[in-house]
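>>> dropping a prediction and its sequence here:
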Amino acid sequence: MAKIISNGYKFSGCNHGFACNKFDNLSPVMIKMPVFSNSGSNLTLRSSAAGDFFGRRVALGGQERRVGTQAGAASDAKMSISIGKSLRWWEKGLQPNMKEITGAEDLVESLLKAGDKLVVVDFFSPGCGGCKALHPKLCQLAEMNPDVQFLQVNYEEHKSMCYSLNVHVLPFFRFYRGAEGRLCSFSCTNATIKKFKDALAKHKPDRCSLGPPKGLEEKELVALGANRDLSFVYNPKPEHQEKEVTPPPPLPAVAASSSGSPSLPLPLPLPLPLKSTLESKQDNQDKTLVSSRR
């Protein structure tokens, strides 16, 4: 026979069912069973050999009840945190220099804010097996090169933007730096990771870029601005480069005469007559002399 006392409710039972009034040859026993309640109280089962129940209702003090409540709340919070930490594969192993792009405007601003840094734009898709296999190595390379900025573009979330940027193969990478703009673009997988490492080693050395960072090319910005699916507005800057007017060549200096007034330019010499003309004149003179002597 056992008696259950919890929260002011009393239940009695025996081997033949509930509401049994006679209890014989019962050995003393105490059983504590946890109760799943907000108060954190316990059920206490007590019996005696004489058949009298000496168990009383368990009354937890304010401090004990408070501790039980806090423990329950902490367990619930821990459970919610563990559920929230279920990261997707492209969110695992991210480094401080890796950032996921949220839109076209974010991509343009991130490239401009990078300054002279080398920027690697990674186009990936959650359903791409090659992208998933390559992601851990990219995180390792980002950790080894903290001065390089890695930008991640989710193809599934920004498909229209990728179309405007002529990205149709995954995984796909583009390298940018300062005023030089786009340096190279290529596609590689886990098997051809050497292509990525070679490009990183080639363009990583610090170089002084003359002028403001360029970012995306002009035709790419125009394509993004013309895309109606994107909330990106591009206003091309007017070109104020005026054509240089070459000054006319200076006039030749006129020699001044002795009187101080500039003299007129000398006339050019007349061309000499041809040899045939001179000979013809000489012949005519000879003929004239011969006729006069006669």
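Sure thing, it's come through.
>>> could you measure from L118 over to E217?
17 Å (Cβ to Cβ, to the nearest Å). For every residue, glycine as well, the C-beta is placed using N, CA and C.
>>> neighbour count winner among the two?
Neighbours per residue, other Cβ atoms under 10 Å: of L118 and E217, the larger number sits with L118, 22 against 13.
>>> and what about the residue lying closest to P171 once chain neighbours are set aside, helix, strand or coil?
If the residues on either side of it in the chain are set aside, P171 comes closest to C131, at 4.6 Å by Cβ to Cβ, 6 or more residues apart in numbering. At C131, secondary structure determined by DSSP: H, G, I helix; E, B strand; the rest coil is helix.
>>> residues contacting the closest residue to G181 other than its chain neighbours?
Nearest residue to G181, sequence neighbours excluded (Cβ to Cβ, 6+ apart): K214, at 3.7 Å. The contact partners of K214, by Cβ atoms under 8 Å, 6 or more residues apart in numbering, come to Y176, G178, A179, E180, G181.
>>> now, the most widely separated pair of those?
Of all pairs drawn from those, the widest gap by Cβ to Cβ lies between Y176 and A179 and measures 10.5 Å.
>>> ok, N145 to K113 distance?
18 Å.
>>> okay, the two: which has more neighbours?
It is N145, of N145 and K113, that has more neighbours when counted by other Cβ under 10 Å, with 17 against 12.
>>> how far away is that one from P236?
Applying Cβ to Cβ to N145 and P236 gives a distance of 34 Å.
>>> again with A191
For A191, the distance to P236 (Cβ to Cβ) stands at 41 Å.
>>> over to E100?
When Cβ to Cβ is applied, the distance between E100 and P236 equals 28 Å.
>>> who has more neighbours out of those two?
Regarding E100 and P236, a neighbour count based on other Cβ under 10 Å identifies E100 as having more, with 16 against 9.
>>> who's the nearest residue to that one once chain neighbours are set aside bridged to?
In space, E100 comes closest to Q152 once its chain neighbours are excluded; the distance is 4.6 Å by Cβ to Cβ, 6+ apart. Each beta-bridge partner of Q152 is listed here: E100, D122, as defined by DSSP bridges.
>>> quick one, helices of the stretch 51-200 of the chain?
Under the criterion DSSP state H, counting those that start in this stretch, the stretch 51-200 of the chain carries helices at the ranges 62-84, 104-113, 129-144, 159-164, 193-203.
>>> where in the protein is pLDDT low?
Residues of the chain that meet the criterion pLDDT under 70 lie in 1-85, 208-209, 238-294.
>>> how about the strands in it?
All strands of the chain, identified by DSSP state E, fall at 2-6, 9-14, 17-18, 29-34, 42-47, 98-100, 118-124, 149-154, 172-177, 181-187.
>>> of Y176 and A179, who's got more company?
Summary of the neighbour comparison: Y176 and A179, criterion other Cβ under 10 Å, with Y176 having more neighbours (27 against 15).
>>> okay, now the closest residue to A226 other than its chain neighbours: neighbour count?
By the measure of Cβ to Cβ, 6+ apart, the closest residue to A226 outside its immediate chain neighbours is S164, 7.9 Å from it. S164: 21 surrounding residues under other Cβ under 10 Å.
>>> ok, now which ones touch S164?
Contacts of S164 (Cβ under 8 Å, 6+ apart): A104, E220, A223, L224, A226, N227, L230.
>>> in a markdown table: these, plus distance to H158 and neighbour count.
A markdown table is the format used below for those (distance: Cβ to Cβ, whole Å; neighbours: other Cβ atoms under 10 Å):
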| residue | distance to H158 | neighbour count |
| --- | --- | --- |
| A104 | 8 | 26 |
| E220 | 14 | 19 |
| A223 | 14 | 18 |
| L224 | 11 | 22 |
| A226 | 16 | 11 |
| N227 | 11 | 17 |
| L230 | 9 | 18 |
